[in-house]
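Asker: Quick one: sequence and predicted model below, then my questions.
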Amino acid sequence: MNRFREGSMKLYFLIGLITLTILGCNDDAKKTEGHFTYLGGEIISPINNEVILSYSDKIIDTLKLNSKNRFLYKLDDFEPGMYSFSLQAADGLEFQMVLLEPQDSIMLRLNTLDFDESLVYTGVGAKKNNYLINEFLQNEIDEKKVYKYCLLDPEDFEDKIDSLMVLKYKKLNAFKAKYKTSDLFNKVAKSNIDYSYYNSKEIYPIIHYRSHKNDVFKSIPDDFYSYRKNINYNDVFLQKDYNYLKFLRNSFNNLALNTHFEHSKQHHINRWNTCYNIDKMTLIDSVVSNAEIKNHLLYLSTINYVTKSKNIENNQAILNFYLSKSTNEENNAMINSYAMSINNLKAGDKLPSIKILDHNNGISNINALVGSPTVISFWSHKYYTHFKESRYKIKELKIKYPEVKFISININDCGLAASKKVLIKNHFSIQNEYQFKDPKYAIKALAIQPLTKTIIIDKHSKIVTSNTNLFSHNFEDQLLGLINR
């Protein structure tokens, strides 16, 4: 950040606090000066005028942006901790965390088109939060390194991730030496480092290049997972923490693999094996007693399975097990709805009736566009790498398979102009490029999760497969089968 920008933001922070005083709480502020905590900010390119502040999954308040896209909020008699603020961005509802403690006066600034990367804080309490958001972004960079390290033998892998952890602790200790920090900040910062490290170890056997995962487990030193004996799988303080929850997900993936190998004859991993997934959910149910954490883990395990599985009967078996264990009625309804959408996308059926817009603002029914062998893929402004790589892939496939029509649909709710601008800026054609008229309904009806999902339709406008991937190793075989039908 340059000095001019930093100075401007500090000035804006001071103006914001002065404005609060002028706008109606002069007397109370004088009586209790220094005892309140403030959170405010400026949102660049807002989709709407609301910022939702929450704590432990409970909405504290909905904060309204003023005519300059700014907000300011006073907290009194509150629980110090990690709060979340969420708002509509280009790809839907986005959120990030902020550590709030007594007498903080924190102002944030972010652009909805570049959410995490643009976020910066100023004011009292800003330094600790800038440290935390920078660590969050650094972890995303380090994750890519860790995936490469997973190709190494266990000892070399451990040396590499140990080095990453040492660097993080050096950075934390330097921060604590420079600034006075609270016990709460220290606890949050330490858990972020520790659980990021533990998570790296949990993904190692699964990512490792050997196809026989049993052999990978046998090669791991006895003390590789020694930290597990000290893990609290029901940590209420961390039940919303990103690193903790990610660790838990991968830990149960890993632990269930060991359990699965004990009673199956398999020696390689199939993450969409029904038995393995039931083993995993059984393990979660037996180890985790905290309802919120358990429901979260069960939900993710189930939704990940049904988004990848092509077997409706197996989906139902997983769904039945999930519903017998989950107590979160909202999640249960969402899973049921998603499974119903999957069931409505069976091979041989037509697509649901969904309206789409072309870049001349013309409205069509999606089925009206399909009169030949067709591939339908999806993209989002947020996932820029996927957007570009999918375009290059489609360009390559168009040349090899001229008989096939390729349709691409933007799933965002930010207007045709925004998606057209992205396409033209990157020198991509707008031909056969569309946007949903009602993205929320379409995403649900077509069960678009994950974004890499691709649908293949035959010349009779019937679904061939509703759940494939442009980058799948057998995708071209599927195209050849489509052409020869």
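Answerer: Ah, there it is.
Asker: Count the neighbours of residue 40 for me.
Answerer: Neighbourhood size, residue 40 [other Cβ atoms under 10 Å]: 24. For glycine as for every other residue, the C-beta is placed from the backbone atoms N, C-alpha and C.
Asker: so how far is the helix or strand hosting it off the chain centroid?
Answerer: Per DSSP states H and E: residue 40 is located in strand 37-44. For strand 37-44, the separation from the chain centroid amounts to 23 Å (computed by Cα atoms, centre = their mean, to the nearest Å).
Asker: mean confidence for stretch 350-366?
Answerer: Mean pLDDT, computed over stretch 350-366, is 92.
Asker: Let me see the residues that make contact with stretch 308-322.
Answerer: Defining contact as Cβ atoms under 8 Å, 6 or more residues apart in numbering, one finds that stretch 308-322 is touched by 271-272, 274, 277-278, 281, 298-299, 301-302, 305-306, 332, 335-336, 339, 342-343, 346, 465, 467.
Asker: Quick check: next helix or strand after the strand holding residue 40?
Answerer: strand 50-55.
Asker: rewinding a little: filter the contacts of stretch 308-322 to the buried ones?
Answerer: 272, 274, 277-278, 281, 298-299, 301-302, 305-306, 332, 335, 339, 342, 467 (16 or more other Cβ atoms under 10 Å).
Asker: Pull out the buried residues from stretch 363-380.
Answerer: Applying 16+ other Cβ under 10 Å to stretch 363-380 flags 366, 369, 370, 373, 374, 375, 376, 377, 378, 379, 380 as buried.
Asker: Relative to residue 203, how far out is the last one?
Answerer: Here residue 380 is placed at a distance of 25 Å from residue 203 (Cβ to Cβ, to the nearest Å).
Asker: Where does the prediction get shaky in this protein?
Answerer: Along the chain, segments meeting pLDDT under 70 span 1-35, 90-92, 209-214, 267.
Asker: Wait, a helix at residue 110?
Answerer: No - going by DSSP: H, G, I helix; E, B strand; the rest coil, the assignment for residue 110 is strand, not a helix.
Asker: What helix or strand is residue 71 located in?
Answerer: Residue 71 belongs to strand 70-75, assigned by DSSP H and E.
Asker: If you could redo that for residue 59, that was the one I meant.
Answerer: Following DSSP H and E, one finds residue 59 within strand 58-64.
Asker: tell me which residues in that strand are buried?
Answerer: Buried, per 16+ other Cβ under 10 Å, within strand 58-64: 60, 63.
Asker: That strand - contacts with which helices or strands?
Answerer: Counting contacts by 3 or more Cβ pairs under 8 Å, 6 or more residues apart in numbering; DSSP states H and E, strand 58-64 packs against strand 50-55, strand 70-75.
Asker: Provide a list of residues in contact with residue 429.
Answerer: residue 423.
Asker: Against residue 206, how distant is it?
Answerer: From residue 429 to residue 206 the distance is 39 Å (Cβ to Cβ).
Asker: re earlier: partner strands of the next helix or strand after the strand holding residue 71, parallel or antiparallel?
Answerer: Proceeding N to C from strand 70-75, the next assigned helix or strand is strand 81-89, under DSSP H and E. Its sheet considered, strand 81-89 pairs with strand 50-55 (antiparallel), strand 92-100 (antiparallel) by DSSP bridges.
Asker: Does residue 434 lie in a helix or a strand, and which?
Answerer: strand 433-436.
Asker: so how far is that strand from its chain's centroid?
Answerer: 23 Å.
Asker: what packs against that strand?
Answerer: Using 3+ Cβ pairs under 8 Å, 6+ apart: strand 433-436 touches strand 355-357, strand 405-410, helix 416-425.
Asker: Residue 262 is nearest to which of those?
Answerer: Proximity to residue 262, assessed across the helices and strands packed on strand 433-436 by Cβ to Cβ, is greatest for strand 405-410 (44.5 Å).
Asker: which residues does residue 236 contact?
Answerer: residue 290.
Asker: Need the phi and psi values for it.
Answerer: With angles defined as degrees, to the nearest 10, residue 236 sits at phi -60, psi -40.
Asker: separation between it and residue 292?
Answerer: Residue 236 is 8 Å from residue 292, by Cβ to Cβ.
Asker: Do you have the helices of the stretch 151-300 of the chain handy? List them.
Answerer: 154-178, 183-207, 213-219, 242-263, 274-287, 291-308 (DSSP state H, counting those that start in this stretch).
Asker: Take the ones you listed and lay them out in TSV including distance to residue 56.
Answerer: As requested, the helices of the stretch 151-300 of the chain are exported to TSV (distance: least, Cβ to Cβ, whole Å):
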stretch	distance to residue 56
helix 154-178	25
helix 183-207	14
helix 213-219	37
helix 242-263	13
helix 274-287	21
helix 291-308	8
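Asker: Nearest to residue 119, out of those?
Answerer: That would be helix 242-263 among these, by Cβ to Cβ, at 14.2 Å.
Asker: circling back to that earlier point, of all the helices of the stretch 151-300 of the chain, which one comes closest to residue 118?
Answerer: Comparing the helices of the stretch 151-300 of the chain under Cβ to Cβ, the one sitting nearest is helix 242-263, at 18.3 Å.
Asker: Any buried residues in that closest one, and which?
Answerer: In helix 242-263, counting by 16+ other Cβ under 10 Å, buried: 242-257, 259-261.
Asker: Work out the gap between it and the centre of the chain.
Answerer: Worked out by Cα atoms, centre = their mean, helix 242-263 lies 19 Å from the chain centre.
Asker: and that helix with helix 183-207, angle?
Answerer: Computed by axes from the mean of the first three to the mean of the last three Cα atoms, to 10 degrees, the angle separating helix 242-263 from helix 183-207 equals 30 degrees.
Asker: Begin at 6, not 1, for the rest of this chat.
Answerer: New numbering, starting at 6: the last item is helix 247-268.
Asker: C-alpha coordinates for helix 247-268, PDB please?
Answerer: Output in PDB follows, covering the C-alpha atoms of helix 247-268 (Å, rounded to 0.1, in the frame of the first residue of the first chain):
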ATOM      1  CA  TYR A 247     -11.400 -21.900   8.300                       C
ATOM      2  CA  ASN A 248      -8.100 -23.700   9.000                       C
ATOM      3  CA  TYR A 249      -9.600 -25.800  11.800                       C
ATOM      4  CA  LEU A 250     -12.600 -27.000   9.700                       C
ATOM      5  CA  LYS A 251     -10.400 -27.700   6.600                       C
ATOM      6  CA  PHE A 252      -8.100 -29.800   8.800                       C
ATOM      7  CA  LEU A 253     -11.100 -31.700  10.200                       C
ATOM      8  CA  ARG A 254     -12.400 -32.400   6.700                       C
ATOM      9  CA  ASN A 255      -9.100 -33.800   5.500                       C
ATOM     10  CA  SER A 256      -8.400 -35.600   8.700                       C
ATOM     11  CA  PHE A 257     -11.600 -37.600   8.400                       C
ATOM     12  CA  ASN A 258     -10.900 -38.200   4.700                       C
ATOM     13  CA  ASN A 259      -7.600 -39.700   5.800                       C
ATOM     14  CA  LEU A 260      -8.700 -41.600   8.900                       C
ATOM     15  CA  ALA A 261     -11.600 -43.100   7.000                       C
ATOM     16  CA  LEU A 262      -9.300 -44.400   4.300                       C
ATOM     17  CA  ASN A 263      -7.400 -46.400   6.900                       C
ATOM     18  CA  THR A 264     -10.700 -47.700   8.300                       C
ATOM     19  CA  HIS A 265     -11.800 -48.600   4.800                       C
ATOM     20  CA  PHE A 266      -8.700 -50.500   3.900                       C
ATOM     21  CA  GLU A 267      -9.100 -52.600   7.000                       C
ATOM     22  CA  HIS A 268     -12.300 -54.200   5.800                       C
END
